[in-house]
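Chemist: structure of the sequence below:
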Amino acid sequence: MDSGIVDRNRHFPLVLMLALAIVGGALVIYATRWGAFLSDDSFWYIRPAEQALQGQGFHPTRSFAPGLSFVLILLGRLGLPPLIAVRWLNAGLFGVNLFLAGWIVWRGGGGKAGALLAGLLVLLSDILLESHGWAMSEALCLTFSLLAVVSFQEYTRRKGWGWLAGIVLAAGLACLTRLAGVTIVVAIALGLLLYSPVKPLGCRLGQATALGIASLLPMAAWMMRNQIVTGQALHYSGFRWAWPTLDTARWFIYNTLSWFIPGRLLRGRELLAGLAALALLVILRAVGLWWLRRSKRSLASAVEPALFVLLVNGLLIVGMLVVANGFSDLVAFNARYLIALLLALLMAVASAAGRSLTQPPLSRRIIVLALMGVFLLYYGYRSVDAVRALHADGLGYASRFTAASETVHYVQNHPGLKVITTGPEGMYFWLGTFYDGIYSYGSTTDDLIHKVCEEQATLILLRSMPAEMYGLDESRLTQQLSLLHSFNDSDLYICRP
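Modeler: As a prediction, the model looks like this:
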């Protein structure tokens with residue numbers, strides 16, 4: 001191999017990676033023109049932080065880990081209100097995660113080209129960019145997970161208790177930020193069994209077990225706190241298995257394969273594309289096993305340690321979603337939930353391409369460059385299109401449409417109004433007051449009608465969140481109550497005279 005190529009790839013492209021990270025953060029800020037994207041889940045991260053900063057105590061929900069709220073409280077002490085802080089925090093984390101992805105690929109032998117390619121793929125991924133725009137915990141959990149992988153990668157190379165401590169700290173914080181972060185603990189424990197520099201298998205097993213237990217201690221302490229304070233460690237509904245319908249199967253195949261294939265090529269052909277992808281995976285697995293057997297190499301020697309952990313982590317997340325939701329509720333396979341798997345796949349592609357670009361023959365390098373160029377153009381087109389749309393319209397409760405809400409203007413002009421509403425989380429973000437949700441007064445339509453009349457309240461039914469979403473009969477509500485106003489985004493009802 002050309003010694004010049006070796007020397008050039010020995011150095012991390014620090015300046016270029018920092019530049020890509022800054023551009024990435026700026027893109028998230030540009031895309032979140034209307035503010036960090038907000039959903040009902042965002043409320044349970046933002047409100048506890050705001051209550052704590054207002055001296056009302058810290059009252060998080062049992063359904064979500066508290067890490068993001070803790071960070072927002074710390075930023076609030078510096079003068080940044082949580083809604084503003086989460087936007088800038090996640091924008092900065094997009095740059096950090098981009099940088100860490102490039103570092104891991106470079107450190108794993110992907111070279112300078114692999115690091116830059118990883119950074120570009122992250123930068124141009126509309127899914128990763130949008131995920132960092134939401135006021136939720138995925139971005140921070142991903143940062144802690146990548147830091148845990150960096151520590152694991154260094155430990156496999158240089159040993160040292162400091163790196164093990166880094167794994168425990170970062171993986172523990174990942175779990176404390178997002179309960180689904182437990183998968184990175186399991187993935188690293190498996191990684192230690194294969195890649196730990198400790199030789200005896202029994203020692204590796206003990207090391208993996210001890211590290212897993214230590215990493216889970218923060219989450220265990222949090223669950224114990226919940227049990228003591230509320231009588232329940234976590235708040236999750238029971239699991240009910242159901243097989244997928246054709247519609248949910250098509251949805252899942254379309255959204256997953258569109259990470260790498262233009263969506264227009266999949267529409268109407270989802271099932272065929274899914275079968276083809278499954279067949280390709282089976283063939284690749286067979287070829288990989290054949291190659292390992294022929295070359296007399298082990299899996300550990302063929303797959304870089306950090307990439308192994310990241311890929312296993314992504315697959316564990318998919319498995320966890322299936323266990324938690326079955327195949328009937330494929331909304332759980334939201335692309336935002338799968339960003340760890342997407343990032344791992346992009347980094348694997350970048351690493352493979354980077355290695356190929358340092359090896360002869362020249363024809364291989366040209367082919368790899370051409371393929372990567374076409375793929376980057378495709379990703380660039382998607383990213384530009386997504387950023388323009390997000391900048392123009394926003395997402396969730398932070399959007400151009402809600403900024404022009406007639407409902408918000410009406411409630412602002414009637415401050416003494418007793419309100420019962422769908423989407424109370426959105427009303428909180430818009431007006432700063434947490435009004436009663438329609439789910440607060442029993443589980444039946446008649447209970448709600450009775451409460452509206454008893455309280456002389458105004459029932460606000462947001463069109464984007466109809467009463468049916470809460471299991472209530474909206475037609476019966478509208479028949480039994482009197483329409484007060486019809487706005488561009490809602491209908492207001494009061495008790496019949």
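
Chemist: just the buried positions in the helix or strand harbouring Arg364, please.
Modeler: In this structure, Arg364 sits in helix 362-393 according to DSSP states H and E. Across helix 362-393, burial judged by 16 or more other CB atoms under 10 Å covers Arg365, Val368, Met372, Phe375, Leu376, Tyr379, Arg382, Ser383, Ala386, Val387, Leu390, His391. Heads up, the C-betas are built off the backbone N, CA and C, glycines and all.

Chemist: Gly314 contacts Ala344, correct?
Modeler: Yes - distance between Gly314 and Ala344: 4.5 Å, which falls inside the contact criterion (CB atoms under 8 Å).

Chemist: which of those two has more neighbours?
Modeler: The residue with more neighbours, out of Gly314 and Ala344, is Ala344; 24 against 21, by other CB atoms under 10 Å.

Chemist: not counting sequence-adjacent ones, nearest residue to the more buried one?
Modeler: The shortest distance from Ala344 to any non-neighbouring residue, by CB to CB, 6 or more residues apart in numbering, is to Leu310 (3.8 Å).

Chemist: check Asn255 too.
Modeler: Among residues not flanking Asn255 along the chain, Ala335 sits closest, at 6.0 Å (CB to CB, 6+ apart).

Chemist: same thing with Asp385?
Modeler: Nearest to Asp385 is Asp126, by CB to CB, 6+ apart, at 7.5 Å.

Chemist: the one you found is in contact with Tyr381, isn't it?
Modeler: No - counting by CB under 8 Å, Asp126 sits too far from Tyr381 to count as a contact (9.5 Å).

Chemist: common neighbours of those two, please.
Modeler: Common contact partners of Asp126 and Tyr381 (CB atoms under 8 Å, 6 or more residues apart in numbering): none.

Chemist: secondary structure class for Arg267?
Modeler: Assigned by DSSP: H, G, I helix; E, B strand; the rest coil, the conformation of Arg267 is coil.

Chemist: which residue, other than its chain neighbours, is closest to it?
Modeler: The nearest residue in space to Arg267 (CB to CB, 6+ apart) is Tyr254, at 7.4 Å.

Chemist: Ile317 versus the residue nearest to Ala344, what's the distance?
Modeler: 11 Å (CB to CB, to the nearest Å).

Chemist: who has more neighbours out of those two?
Modeler: The residue with more neighbours, out of Leu310 and Ile317, is Leu310; 28 against 23, by other CB under 10 Å.

Chemist: the more buried one and Phe375: what is the separation?
Modeler: Remark: distance between Leu310 and Phe375 (CB to CB) = 19 Å.

Chemist: please apply the same query to Leu307.
Modeler: For Leu307, the distance to Phe375 equals 18 Å [CB to CB].

Chemist: hey, which helix or strand in this protein has the poorest pLDDT?
Modeler: The element with the least model confidence among the helices and strands of the chain, by mean pLDDT, DSSP states H and E, is helix 3-10, at a mean of 48.

Chemist: which parts of stretch 484-492 are buried?
Modeler: In stretch 484-492, counting by 16+ other CB under 10 Å, buried: Phe487, Asp489, Ser490, Asp491, Leu492.

Chemist: mind listing the helices for the stretch 201-350 of the chain?
Modeler: 201-230, 246-257, 270-295, 299-302, 305-325, 339-356 (DSSP state H, counting those that start in this stretch).

Chemist: just checking, what packs against the second one?
Modeler: Helix 246-257 is packed against helix 270-295, with contacts defined by 3 or more CB pairs under 8 Å, 6 or more residues apart in numbering; DSSP states H and E.

Chemist: report the angle between the helix it packs on and helix 246-257.
Modeler: Going by axes from the mean of the first three to the mean of the last three CA atoms, to 10 degrees, helix 270-295 is angled at 50 degrees with respect to helix 246-257.

Chemist: returning to what we had before: is it true that the residue nearest to Ala344 touches Leu342?
Modeler: No - contact criterion CB under 8 Å: Leu310 and Leu342 do not qualify, at 10.6 Å.

Chemist: picking up where we left off before, find residues that contact each of Leu310 and Ile317.
Modeler: What both Leu310 and Ile317 touch, as defined by CB under 8 Å, 6+ apart, is the set Ala340.

Chemist: could you count how many residues lie near Pro262?
Modeler: Counted with other CB under 10 Å, residues neighbouring Pro262 total 12.

Chemist: that one: what's it in contact with?
Modeler: Pro262 neighbours (CB under 8 Å, 6+ apart): Tyr378.

Chemist: so for stretch 211-223, what gets flagged as buried?
Modeler: For stretch 211-223, using 16+ other CB under 10 Å, the buried residues are Leu211, Gly212, Ala214, Ser215, Leu216, Pro218, Met219, Trp222, Met223.
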